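Q: test case, fold it:
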Amino acid sequence: MISADESDEEITVPWPPQPRRPLRPAMSSSASPHGYNLRRSSRRSSESGVPAEDAADDDARSQSDLDDSEDESRGLQRGETARRNSGRFSGRRPEKETPGKKGDCNDGGAGTTSSDVGLLAVAVGIFIAVCFGLGLYVSNTGDDGDVTNLPGIHTHLEDNVFEKYLKDQIRAVKKHYPTQRKDLWPELLAGIKRVARVVPPQPTTFLLLHTGEAEDTLRCLAREVARAATGFLNASQFVAVDGERLREIHERNLRASKEPEDNGWFVEMYRPLVERDRAMILYDLEKVPGMVAQALHSFCDEVSPLVGQAVYLFTLRVPEYSSLRAVRVAEDLLNDLWSGELSDDVRAPLLTRITGGAVYVLPEPELPRSCS
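A: Okay, the predicted model is just below:
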């Protein structure tokens, strides 16, 4: 308790200030444990008529409230420091709090930051792009995955109708030729279908090998396959070329003193017809001169063809059926026929483009009435 008589004693304040300790509820000495000078409080209490003891108690309670407030402030500062340090030592930078981004104390969770919103937007964008890409791929692919958006033939929506037509036609042709090898029909079907499904467009070439006794069967079979191909490719007829006729034109040009290497007339004559009809049959390839046959390179080329969406059926007469593959037999025969007119570097790529689809055609004991 501090009395009015003791209020005139001078109390010194130590420097630097000592750490503060909570005030005791009662004091017997006039000196404050905190070193504060209480003279003004005592005088104010005496002048206002308030007992000194009550004034000292009020000062003590005020000082205690101040201490509590400072302790609370220091506690908040320590908590903030600990939070920042935790972010620093965990390897990530402490998040900067901005107005409107802090979590509400009522919902008990952290609010959404701008980075979270950005990540969510990117994820949604990727999902939409993937879905759009899958939808576009499915709408532009067929059974074997090849793109089918080819102008001038038919659209993807019509693919199933045209492919069903082609399968029905090949199936009907197969019934008329029961003697043929079973692998002939899948090769014909796949080769014709490929013309309308591959991008960039590529032609398909079949080389039909036969002996003399199967010539009628071969010609009838080639015509029926060509009709099926033109119907599938949205054309109405096919082009028919005879090898003997090409030989006559070539010999006439030679007699007219034209350059023997000039085969441009063949391209000028038959390219417009193939563009219109989409299918061509060339009978008796063995009768075609080598210089004229060289023009077939540009028709059958798969990289830069003259007409990309076309089917070519060439017939080649061989001495006999062999146990060797048809490709090997055709290459040997054509090499012998054209080696005198075409150099090796010209003849080799030409044979590669012509003989790739070589197959045997066997004679049939009975042909359909449409062939008569």
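Q: for the residue nearest to residue 262 when sequence neighbours are not counted, helix, strand, or coil?
A: Residue nearest to residue 262 in three dimensions, not counting chain neighbours: residue 253, with 7.1 Å by CB to CB, 6 or more residues apart in numbering. Placement of C-beta: from N, CA and C, glycine included. Here residue 253 is recorded as helix under DSSP: H, G, I helix; E, B strand; the rest coil.
Q: pull out the buried positions in stretch 194-206.
A: By 16 or more other CB atoms under 10 Å, the buried positions in stretch 194-206 come out as 195, 196, 197, 198, 201, 202, 203, 204, 205, 206.
Q: out of those residues, flag the one nearest to residue 264.
A: Distance to residue 264 across these (CB to CB) is lowest for residue 203, with 19.7 Å.
Q: how far away is the residue nearest to residue 262 from residue 241?
A: Counting by CB to CB, to the nearest Å, the gap from residue 253 to residue 241 is 16 Å.
Q: try residue 178
A: 29 Å.
Q: comparing the two, which residue is more hemmed in?
A: Per other CB atoms under 10 Å, whichever of residue 178 and residue 241 has more neighbours is residue 241, with 18 against 9.
Q: so how many other residues sit close to residue 364?
A: Look at residue 364: counted by other CB under 10 Å, it has 19 neighbours.
Q: is it true that it touches residue 177?
A: Yes - with contacts counted by CB atoms under 8 Å, residue 364 reaches residue 177, the gap being 5.6 Å.
Q: residues shared between the contacts of these two?
A: Common neighbours of residue 364 and residue 177 are listed as residue 217 (criterion: CB atoms under 8 Å, 6 or more residues apart in numbering).
Q: buried residues in the helix or strand where residue 161 lies?
A: Take DSSP states H and E as the rule and residue 161 turns out to sit in helix 159-176. By 16+ other CB under 10 Å, the buried positions in helix 159-176 come out as 159, 162, 163, 166, 169, 170, 173, 174, 176.
Q: go on, stretch 354-370?
A: With burial defined by 16+ other CB under 10 Å, the residues of stretch 354-370 counted as buried are 354, 355, 356, 357, 358, 359, 360, 361, 362, 363, 364, 367.
Q: pick out the most distant pair among those residues.
A: Taking CB to CB, the two most distant members of those are 356 and 367; they sit 28.0 Å apart.
Q: do a quick rundown of the helices in the stretch 101-250 of the chain.
A: With helices called from DSSP state H, counting those that start in this stretch, the stretch 101-250 of the chain shows them at 114-139, 159-176, 184-195, 215-232, 243-255.
Q: the stretch 251-372 of the chain: strands as residue ranges?
A: Using DSSP state E, counting those that start in this stretch, the strands of the stretch 251-372 of the chain run over 279-283, 311-317, 358-360.
Q: which strands and helices lie in contact with the second one?
A: In this case it means strand 311-317. helix 184-195, strand 204-210, helix 215-232, strand 279-283, helix 326-338 (3 or more CB pairs under 8 Å, 6 or more residues apart in numbering; DSSP states H and E).
Q: state the mean pLDDT of the second one.
A: Here the mean pLDDT over strand 204-210 is 97, rounded to a whole number.
Q: equivalent analysis for the longest one, please.
A: Averaged across helix 215-232, pLDDT comes to 96.
Q: can you give the contact residues for that helix?
A: The contact list for helix 215-232 (CB under 8 Å, 6+ apart) reads 162-163, 165-166, 169-170, 173, 176-177, 180, 188, 192-193, 195-196, 206, 208, 210, 236-238, 277-281, 283, 311, 313, 315, 317, 361-364, 367-368, 370-371.
Q: residue 335: how many residues sit nearby?
A: 14.
Q: try residue 129
A: Neighbour count of residue 129, defined by other CB under 10 Å: 10.
Q: do the same with the one 3 residues further on
A: Residues contacting residue 132 under the criterion other CB under 10 Å number 10.
Q: can you tell me which of the buried residues of stretch 194-206 comes closest to residue 300?
A: Closest to residue 300, out of all of these and judged by CB to CB, is residue 205, at 4.8 Å.
Q: list the contacts for the closest one?
A: Applying CB under 8 Å, 6+ apart to residue 205 gives the contacts 300, 311, 312, 314, 353, 354, 356, 357.
Q: now with 6 Å?
A: Contacts of residue 205 were listed using CB atoms under 6 Å, 6 or more residues apart in numbering, and they are 300, 312, 357.
Q: so what pLDDT did the nearest residue to the first one once chain neighbours are set aside get?
A: I take that to be residue 300. Leaving aside its chain neighbours, residue 300 sits nearest to residue 353 (4.0 Å; criterion: CB to CB, 6+ apart). Residue 353 carries a pLDDT score of 95 in this model.
Q: please apply the same query to the one 5 residues further on.
A: According to the per-residue confidence, residue 358 scores 96 in pLDDT.
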